[in-house]
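In: Need the 3D shape of this:
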Amino acid sequence: MRSTPDGIYQEGGCDERPHSAHRQRRACPAVIYAATVALYLAKRRYLPANGKFDLGAWEKPVLVVSVVWLVFELSLFRDASFRDAWLYVLVMVVIGAAYLVTLPATRGRRALDMPDMHSIDGAFAQKEQI
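Out: Modelled structure (predicted):
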């Protein structure tokens, strides 16, 4: 490993210093997974039962382990070198929140309602019978 005049360490001609884009690729999936788990925790009682997959008694332990893991994983990204990645995530959250606020303002309260949860398998079965 050798140092170039600008302080970049190179081995075999490859730059080993992590770039902002690489940091974003590492941090963004963790934030997306955390948001998915948080939304599931907030809305799981209101989701329709589909009868196809159910964790049963294991649901709560799986959720606890996933939350603990995500807290640990997100704590890895609190270093100052991830500032750009967190800024990127913050901008995306602000854009999403702005869309969520303008949706009912432009289309009314019903714009936030869940769509009809019909069975896609049932729709295909009806189509095949015709």
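
In: pLDDT weak spots in the chain?
Out: Residue ranges of the chain with pLDDT under 70: 1-27, 114-130.

In: swap the cut-off to 90 and go again
Out: Under the criterion pLDDT under 90, the flagged ranges of the chain are 1-36, 38-57, 59, 73-90, 92-93, 96, 100-130.

In: what's the span of stretch 69-83 from first residue to last?
Out: 22 Å (C-alpha to C-alpha, to the nearest Å).

In: Can you give me the buried ones in that stretch?
Out: 70, 73, 77, 82 (16 or more other C-beta atoms under 10 Å). From N, CA and C alone the C-beta is placed, and that goes for glycine too.

In: quick one, what contacts the first one?
Out: Just to be clear, that refers to residue 70. Contacts for residue 70 (C-beta atoms under 8 Å, 6 or more residues apart in numbering) come out as 30, 33, 34, 37.

In: which of those tops the neighbour count?
Out: Neighbour tally across those (other C-beta atoms under 10 Å): the maximum, 19 neighbours, falls on residue 30.

In: In contact with that residue, which residues?
Out: With C-beta under 8 Å, 6+ apart, residue 30 has these contacts: 70, 73, 74, 77.

In: ok, of the buried residues of stretch 69-83, which one's closest to residue 100?
Out: Comparing the buried residues of stretch 69-83 against residue 100 with C-beta to C-beta places residue 70 closest, at 22.2 Å.

In: mind listing the strands for the protein?
Out: 2-3, 9-11, 14-15 (DSSP state E).
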